[in-house]
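Participant: Fold the following, please.
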Amino acid sequence: MAFAATLGTLSEELIEVITSTSSQSDPERFNVLRESTLRRLRHHNFLRTNQFEVEEKLNGFEEHFRVVNRDGLADALRQRLDALALISNKWTPEILHFLLQLEDKPIQNSKLTDLELLKEPDESPGPPLRWDDIAKEEGWDQDQDIWRNVNFEGNDSEDDSFESTYDLSSEAELTSISSAEARYRKAPADFLADSQDENRLGQVRDTQLWRSAVPSKEAAGRSQKTLISETHAVREVLFMLNGLENAMFDAQGVPSLQFQLKHTSWELCKALLGSFSEAGRQLSVLREFVKQAQNVPLLQVFREAVERRLRSFDSQISNLQARYVNIQQDVVVSLARILDDMKPHLQPLACLSDIIQQLKRSKYPRPFQYLELLFDAAGVAQLEGSDAVYEFVATLFFECFQVYLRSIRLWMEAGELVDGDKTFFISNSPSEVPRNQIWTDKYTLRKTSDGTLYVPRFLQPAASKILTTGKSVVVLKLLGKYQSNFTSIPEPLVEVNGEFKSTYGVFVPFSEVFNDIFEKWMESKHHAASKTLQQTLFQSCNLWSILDALQEVYLMSNGARSDLFSFAIFNNIDLLNVNWHDRFNLTALAHETFSNLANAHRIAISLSSESLADDVKDIRRSVRKGLPLVRIMYRMSWPIRIILSDESLAQYQAAFAFQLQLRRATYVLHKHRLVSDSIAGTATTSSDQATYYGLRAKFLWFCNTFHSYLGTLVLGPLIVQLRQNLQQAEDVAAMTESHSAFTRQMIKEMCLGSKLDPIRECILDIFDLTIRLQDARQLDSEREQEEEQELSRLSVMSSPRNHGSRKYLGSGEEEDETFLLEQDRSSMMQDEEKTFADVLKEIRADFDRHLKFIASGLRGVARASGDTAAGKWDTLAEMLEVGIRERK
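Facilitator: A predicted model of the protein is given here:
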């Protein structure tokens, strides 16, 4: 009862808060809401929240924050989770689960500054206490003598004048410091040097007169040079290199032609100043670059790296200045010596300055273009033998590459892309795509408007491998096989240290050094993801059994079952069944025929009635009509479709259609038989029969030759090679490419490629000739039967047993003889006006002509082509030439 009372009280409060309805304002509605709420709460069948799942999800958020480089947010989350564990109760998982349900893109929307809003505001301390207010309150705000410094020295007149000057200046100021602080506070005048040596002070002033000296004119009207000492020149040069104002160079490092060194010719002085001027110009480019704000992280790290190297250079200049200021040993003041000492420090910066200038000259520079320039510059410096420049640029390259590597690491480890990152070379489709198209359409390599890859040149060889690894992780996540720690291989460092020259040697090109370092790093990410996905496809998705089914259904590897399926289609066509293409009957036939397959129910046969405009009689006379429209669809799971692309399935369908046409010709030659051939005809008739059987043997030889060629020389070796390639494939992309190469090679070797279109048409013509031959024999048999019937009618001695002795019967279709007698004649009208001998003569001539064209064409294409299928074409031509030689 106590629980029910508590539940009722809490429910009433909840209703009042959410609906703003109370028992006083609207009692009727309030009671209805109260009863429905209590009923829901009492009879709910929800389990308690899984506290371990909540904890795992919170830990996942922490890990995700660290992956995207938001360590501060991750630390704050961990600190509060640890504190919550000390004060948690049984409702803590419920509350946390409720908060997790309310989360909305925590990676993008979470800010550390929002935590300050959770703190209770401090009570207002009131207005700040100021010395001005205290002074007004105490009444000594107008007493200026209180701020005077007490002079404990003698009453010197010079000191009195100085104190009076300071008193006048202090009266014009208002200060808020206390008298105790003023006692120890030094005024600017306290730092003035009290010089007692006027002569030395005058000498110093005299040495600086050259700065404001006006050059005099020569007799010819030219201005004379102002002579300065080398010490002054050294000072000005060092100031210029430090980026400070000086009298001899402007901000861009251009020297003033007004000054000349003493005891030095103008040509030598001009050469020295020109060398320093070039160095100053290059340094000014760097200093201007570091002053520019950058918004892209890739350029920000480059700017920071350049700034850090400039500071290092400035420290070198400061050390050099210290040699002339704090002299500990004998120092030679020489511009040439300074130039020689600073040359090793200036050369790397000069190379860096050239890179920045190239970036400025680019009309539309890509954010990673400076990485390409650094990569090229390192290779050039190595070829030139500049070890210092090579090490400087190589180190800078790897340092800046770390930022670009973050996107690659996130993609290869988690299969994720940084939102809004336009510098990365992988892009994802903004629209949702079906799962079977995720591999091909969801993630692609970014390209520019002219079709080139938007990827640094030094990464182009590895771009496809990086894309494949990330896509493998994405697929593994969708399959539920992904584990964040699926690899135990430690990640190699993608950087160089001072010993990298000793590791790789002096003569190893920098490109090879980078490729070796990056390949080791990439292999630690690629191997585990690719192998896991391969094992999943082979074991969980049954890739091998799917491939076996495709070979049996499309490539007709099981000839007996393929004949059962195809002969049933041919039989319906010969019976002139207008519904021979009914997809339901064909699908049921396929299920029954291929019932030995584990997934025979996945087979579906389709044949669009709209595209089937030919009459069934025309389809019966040609293999080109009707049969190519029979399409087999084998439904597969979406992971298998990664390996079997749409293009590969279309090539499977082309191979199936060609073999169906070949079996149609073989079926026609084998199907019909004479019930009785006991009655001998005339000599001419016997000659026609011999010609007919000779042609029939030729056609059987031709069809059997193609059966042998396809089975033993094309499909058998290609299937064996496909299995080897799939087992040895490095990743899923290699598996996909191996299977695509298999289907392309199969189409070429089966003479179905675009190069062999005329030859394929001749092959189909021969298949049509087999149907014409059998139709002509059928027509001749009917003619003979009519003649015999007429003779039987005139002759009383005719025997009913010999009636119809020449009629053809369908194999297994004897019950349809009457139907055939009524229908076949109307479909043989193409040769009705020709004699049987004339038709046989035409068929023989066409067969010989087509056979010669096929053999010679295959020979010519094989010799002219460098394709790997040329050897198979040449072998097929040799097999067909046997029939040509026998004919001769």
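Participant: how about the helices of the stretch 701-850 of the chain, start to end?
Facilitator: 716-728, 732-749, 757-794, 817-823, 836-864 (DSSP state H, counting those that start in this stretch).
Participant: same thing with the stretch 251-400 of the chain?
Facilitator: Using DSSP H, counting those that start in this stretch, the helices of the stretch 251-400 of the chain run over 266-291, 297-325, 335-361, 369-384, 387-414.
Participant: model confidence over the second one, on average?
Facilitator: Helix 297-325 shows a mean pLDDT of 89.
Participant: Start the count at 3 instead of 1 going forward.
Facilitator: Sure, I'll start numbering at 3, so the last one becomes helix 299-327.
Participant: So what angle separates the directions of it and helix 337-363?
Facilitator: 170 degrees (axes from the mean of the first three to the mean of the last three Cα atoms, to 10 degrees).
Participant: List the buried residues of helix 299-327.
Facilitator: 299-301, 303-305, 307-308, 311-312, 315, 318-319, 322-323 (16 or more other Cβ atoms under 10 Å). (Glycine included, C-beta is placed from N, CA and C.)
Participant: could the helices of the stretch 253-402 of the chain go into CSV alongside distance to A657?
Facilitator: Shown next, in CSV, are those (distance: least, Cβ to Cβ, whole Å):
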stretch, distance to A657
helix 268-293, 62
helix 299-327, 49
helix 337-363, 54
helix 371-386, 46
helix 389-416, 37
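Participant: wait, which of those is closest to N517?
Facilitator: helix 371-386 (11.1 Å; Cβ to Cβ).
Participant: Identify all contacting residues around that closest one.
Facilitator: Helix 371-386 has contacts (Cβ atoms under 8 Å, 6 or more residues apart in numbering) with 300-301, 304, 353, 356-358, 360-361, 364, 391-392, 395-396, 398-399, 402-403, 406, 458-460, 511-513, 516.
Participant: And the helices of the stretch 253-402 of the chain, which one averages the lowest pLDDT?
Facilitator: In terms of mean pLDDT, the lowest-scoring of the helices of the stretch 253-402 of the chain is helix 268-293 (a mean of 85).
Participant: most tightly surrounded among the helices of the stretch 703-852 of the chain?
Facilitator: Stretch with highest mean neighbour count among these: helix 734-751 (a mean of 20; mean count of other Cβ atoms under 10 Å).
Participant: quick one: stretch 370-380 to chain centroid distance?
Facilitator: 22 Å (Cα atoms, centre = their mean, to the nearest Å).
Participant: again with stretch 543-562
Facilitator: 32 Å.
Participant: Now it: average pLDDT?
Facilitator: In this model, stretch 543-562 carries a mean pLDDT of 90.
Participant: Mind jotting down where the strands sit in the protein?
Facilitator: 228-230, 261-263, 428-430, 445-447, 605-608, 633-636, 675-676, 810-811 (DSSP state E).
Participant: With mean pLDDT added, can I get those strands in JSON lines?
Facilitator: As requested, the strands of the chain are exported to JSON lines (pLDDT from 0 to 100):
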{"stretch": "strand 228-230", "mean pLDDT": "74"}
{"stretch": "strand 261-263", "mean pLDDT": "75"}
{"stretch": "strand 428-430", "mean pLDDT": "88"}
{"stretch": "strand 445-447", "mean pLDDT": "89"}
{"stretch": "strand 605-608", "mean pLDDT": "89"}
{"stretch": "strand 633-636", "mean pLDDT": "90"}
{"stretch": "strand 675-676", "mean pLDDT": "50"}
{"stretch": "strand 810-811", "mean pLDDT": "32"}
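Participant: could I get those as TSV with distance to E37?
Facilitator: Shown next, in TSV, are the strands of the chain (distance: least, Cβ to Cβ, whole Å):
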stretch	distance to E37
strand 228-230	102
strand 261-263	100
strand 428-430	51
strand 445-447	54
strand 605-608	55
strand 633-636	57
strand 675-676	87
strand 810-811	84
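Participant: and of the helices of the stretch 703-852 of the chain, who's closest to E18?
Facilitator: Closest approach to E18 among the helices of the stretch 703-852 of the chain (Cβ to Cβ): helix 734-751, 59.0 Å.
Participant: Name the residues that touch that closest one?
Facilitator: Under Cβ under 8 Å, 6+ apart, the answer for helix 734-751 is 441, 466-467, 470, 473-474, 477, 532, 535-536, 539, 644-647, 649-650, 653-654, 656-657, 715-717, 720-721, 723-724, 727-728, 731, 755, 757, 869-871, 874-875.
Participant: Can you say which of those residues are buried?
Facilitator: The buried subset of these - by 16+ other Cβ under 10 Å - is 441, 467, 470, 473-474, 477, 532, 535-536, 539, 644-647, 650, 653-654, 656-657, 715-717, 720-721, 724, 727-728, 731, 755, 869, 871, 874-875.
Participant: what sits against L300?
Facilitator: Here L300 is in contact with P369, F370, L373, C402, V405, Y406, T425 (criterion: Cβ under 8 Å, 6+ apart).
Participant: How far off centre is stretch 433-440?
Facilitator: 15 Å.
Participant: Regarding it, how distant is the last residue from the first?
Facilitator: 11 Å (Cα to Cα, to the nearest Å).
Participant: Now it: buried residues?
Facilitator: For stretch 433-440, burial by neighbour count (16+ other Cβ under 10 Å) applies to R437, N438, I440.
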